[in-house]
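Peer 1: could you work out the structure for the sequence below:
(one chain, ligands or ions: 1)
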Amino acid sequence: MALLDARQLVIKKIEILRNRVNKLNKKPSLIIIRIGNDFASGKYVANKIKRCEEVGIESKIIHLEEDVKQEIVEETILKLNEDKDVTGILLQLPIPKHLDEDYLTNIIENDKDVDGFTIGNMGKLCLGLDGNVACTPRGIITLLKEFKIDIEGQDVLIINRSNIVGKPLSQLFLNENATVTIAHSKTKNLKEKIKLSDIVVTAVGKSNFLRSEDFSPSTTIIDVSINFNEEGKMCGDVCKSDYEGLINKNCNLTPVPNGVGQMTVIELIEQTIEIEEKRERI
Ligand code: NAP
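Peer 2: The predicted structure follows:
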């Protein structure tokens, strides 16, 4: 039982992914559409580009102005859909409020939707069909498997019902034969549910939301949130000063940073490679 630090796993995966890219006839190409100058988005995009370079994926950022018109974004996506050289398209969220996020996300061609956010890909996931899957949920399952944590038959509580985390993750856990409960801001008796769970995934987005005493011994805790505390330091929902107490209680815990966030980017890279591999098989 320990901290589920993803850094070593990421180093191992980069090597494996580089070898997979080398076996392809054509290097995969990932296009990231970034709109505006949100600081956090800029950092996430830079990290994705860095990982692409490490494995040999060709990547490009299309950076559009904050006040860009909806038609221009739409035109950009449609052109990329048509471009045979493009493997994957990613619209970096959030986008400015005047743009229709649902519409723009959904015009990305299903096969090129590396984020797995389109209705087509979400539908396939719900039906248990092969499609692209949201990267953070994918990364959580990979991390649990790599650390050899049992999923089948386990009681899993996911505290989040968003389209990018809770909903797709619940389907992945179901596919792995877990028993899944989804909690949200209107859930009653949350603390009782946490105590009864073998695996707790928290993505509430509030620092110090959960403490050591909230969990039963031997719980596996997946902290997805990226928050910033009063000192401006990155943290998750679980109070950092309680990490040691949790390890002493025989719990597993993903740290923030160096936990789920690292896995999200690796899964994005892997999914881009998978898309290109499928294209070459056709
Ligand atoms: P979101 O849409 O705001 O979801 C937050 C969820 O928490 C909602 O389902 C909300 O319930 C629930 N919630 C809020 N207060 C609660 C309470 N008191 N008790 C129980 N549930 C409560 O946010 P998101 O986009 O899913 O992201 C969540 C967090 O994950 C953020 O910190 C984000 O930065 C992080 N994130 C990290 C990664 C990564 O790669 N590590 C990827 C994606 C997101 P309602 O639905 O009722 O409002």
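Peer 1: for the rest of this, base every contact and every neighbour count on C-alpha atoms.
Peer 2: Will do.
Peer 1: for the residue nearest to Asn227 when sequence neighbours are not counted, give me phi and psi.
Peer 2: Nearest residue to Asn227 in three dimensions, chain neighbours excluded: Cys235, at 5.1 Å (CA to CA, 6 or more residues apart in numbering). Main-chain dihedrals, Cys235, degrees, to the nearest 10: phi -150, psi 170.
Peer 1: phi, psi of Ile89?
Peer 2: phi -120, psi 130.
Peer 1: pretty sure it sits against Ile108.
Peer 2: Yes - counting by CA atoms under 8 Å, Ile89 touches Ile108, with 7.1 Å between them.
Peer 1: and these two? which has more neighbours close in?
Peer 2: Ile89 (25 against 22; other CA atoms under 10 Å).
Peer 1: for that one, give me its contacts.
Peer 2: When contacts are counted by CA atoms under 8 Å, 6 or more residues apart in numbering, Ile89 touches 30-33, 77, 80, 108, 112-114.
Peer 1: cool, and Gly259?
Peer 2: Applying CA under 8 Å, 6+ apart, the residues contacting Gly259 are 4-7, 223-224.
Peer 1: did I read that right, Ile77 in a helix?
Peer 2: Yes - counting by DSSP: H, G, I helix; E, B strand; the rest coil, Ile77 is located in a helix.
Peer 1: that older thread, now do the shared contacts for Ile89 and Ile108.
Peer 2: Ile77.
Peer 1: these two touch, right, Val114 and Asn132?
Peer 2: Yes - between Val114 and Asn132 there is a contact under CA under 8 Å: 6.4 Å.
Peer 1: residue ranges in the chain under the pLDDT threshold?
Peer 2: 1 (pLDDT under 70).
Peer 1: what parts of the stretch 101-250 of the chain come near the ligand?
Peer 2: Neighbours of the ligand within the stretch 101-250 of the chain, by CA under 6 Å from any ligand atom: 136, 159-162, 164-165, 183-186, 203-205, 224-227.
Peer 1: okay, Thr272 and Ser29: tell me how far apart.
Peer 2: Distance of Thr272 to Ser29, computed by CA to CA, to the nearest Å: 8 Å.
Peer 1: more neighbours: those two, which one.
Peer 2: Thr272 (25 against 20).
Peer 1: flag every buried residue along the host helix or strand of Leu144.
Peer 2: Using DSSP states H and E, Leu144 sits in helix 135-146. The neighbour-count check on helix 135-146 (16 or more other CA atoms under 10 Å) flags 135-141, 143-144 as buried.
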